[in-house]
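Undergrad: Sequence first, predicted coordinates after that:
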Amino acid sequence: MLARSPESIRTPSSPPPTSVFTTGENSIADSSGDPGSSSADAALVNTQAGKRSDKSLRSWLRQYNPTVKLQNTGSVARDHLASERTFLAYVRTSLTIASTGVALVQLFTIAAQTYTGLDRFSKPLGGVMIVLGLFTLMVGSFRYFTVQFALVDGNYPVARISPAFISTALISIIIVVFGVILGARRE
């Protein structure tokens, strides 16, 4: 286990990490993590008098800038990399759920040759599984960006509802599939 120096451990009262916002030829440093609070940011926007749409575009680009650079103090890099690994786990999970939907359709179609009543359930159950896979991917994407913005501010949002919903939906589908298989009659 690695020993960490006392100054590298962030406490709730310690300031958030300094971030550098890069916009083309300009670079703006901001220790608060809020791209709109920098005086250099205001000066940059004010130099372009009369370009109202450019101001809103620049503020949007600063908020959703993919090139945000953070100082690696404490566990900043580790936290962001963990968030990326979690996003990739959501991607793998969504692909597995969607693949299971395709497999259910194929399996029930093949089994319908021997058992009666499976044909009418194959496409609805497969469709529900594919939609649940897409929903899981959307939840993962939303969660990834929410956590990234929160980590820049020095916070961490806890997820409670989305894992509970996905788990409940999967358990329900498993119960339905089990019931359909038990209720099928041999021809």
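TA: Done, it's in.

Undergrad: could I have stretch 117-134 exported to CSV, CA atoms only?
TA: The C-alpha atoms that make up stretch 117-134 are tabulated as CSV, following Å, rounded to 0.1, in the frame of the first residue of the first chain:
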residue,chain,number,x,y,z
GLY,A,117,-46.5,-20.0,-27.1
LEU,A,118,-42.9,-18.8,-27.2
ASP,A,119,-43.1,-17.0,-30.5
ARG,A,120,-45.4,-14.2,-29.2
PHE,A,121,-42.9,-13.3,-26.4
SER,A,122,-39.6,-13.3,-28.2
LYS,A,123,-39.7,-9.9,-29.9
PRO,A,124,-41.3,-7.9,-27.1
LEU,A,125,-38.8,-9.3,-24.5
GLY,A,126,-35.9,-8.8,-26.9
GLY,A,127,-37.0,-5.3,-27.6
VAL,A,128,-37.4,-4.5,-23.9
MET,A,129,-33.9,-5.8,-23.3
ILE,A,130,-32.4,-3.7,-26.1
VAL,A,131,-34.2,-0.6,-24.9
LEU,A,132,-32.9,-1.3,-21.3
GLY,A,133,-29.4,-1.6,-22.8
LEU,A,134,-29.7,1.8,-24.5
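
Undergrad: What mean pLDDT does it get?
TA: In this model, stretch 117-134 has a mean pLDDT of 90.

Undergrad: Only the buried residues of it, if you could.
TA: Buried residues in stretch 117-134, counted by 16 or more other Cβ atoms under 10 Å: L118, F121, S122, L125, G126, V128, M129, I130, L132, G133. (Each C-beta comes from the backbone N, C-alpha and C, glycine too.)

Undergrad: Which of the helices or strands spans the fourth one?
TA: Following DSSP states H and E, the helix or strand that holds L125 is helix 119-152.

Undergrad: where exactly do the helices run in this structure?
TA: The residue ranges that make up the helices of the chain, judged by DSSP state H, are 39-46, 52-63, 76-111, 119-152, 161-183.

Undergrad: which stretch in those has the least confidence?
TA: If the helices of the chain are sorted by mean pLDDT, helix 39-46 sits at the bottom with a mean of 44.
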